[in-house]
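Colleague: Here you go, sequence then predicted model.
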Amino acid sequence: MEKLEEQIAHLTKTVEEMSEVVARQDAEIAVLQRRVQMLMERAAEAEQGEGGGVFIAGEKPPHY
């Protein structure tokens, strides 16, 4: 019985640690998603400011 109690205590501690890791990773992912969105918006604004279009890989720009 004592061995089972030790295993339960160990598993409970492990679950709590993993929960903390997941919560921290969730916050980090949210920050990274906001940063990527901001970068995409900046890139789109810069592209519009330059009057450039979106080029697909393998296509030559119109000035060629």
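Modeller: Structure received.
Colleague: Find the helix or strand that residue 10 is a member of.
Modeller: If you go by DSSP states H and E, residue 10 is part of helix 2-50.
Colleague: From the contact counts, what lies against that helix?
Modeller: Contact partners of helix 2-50 among helices and strands, from 3 or more C-beta pairs under 8 Å, 6 or more residues apart in numbering; DSSP states H and E: none. For every residue, glycine as well, the C-beta is placed using N, CA and C.
Colleague: quick check, distance from it to the centre of its chain.
Modeller: 8 Å (C-alpha atoms, centre = their mean, to the nearest Å).
Colleague: Now do the same for that helix: mean pLDDT, whole number.
Modeller: In this model, helix 2-50 carries a mean pLDDT of 95.
Colleague: Use 13 as the first number from now on
Modeller: Got it, first residue is 13 now, which makes that one helix 14-62.
Colleague: Centre-most residue in the chain?
Modeller: Centroid-nearest residue in the chain, with C-alpha atoms, centre = their mean: residue 41, separated by 3.9 Å.
Colleague: Look through this protein and report the residue furthest from the middle.
Modeller: The chain, C-alpha atoms, centre = their mean, max distance from centroid: residue 13 (43.9 Å).
Colleague: Quick check: the gap between it and residue 20.
Modeller: Going from residue 13 to residue 20 by C-beta to C-beta, to the nearest Å gives 11 Å.
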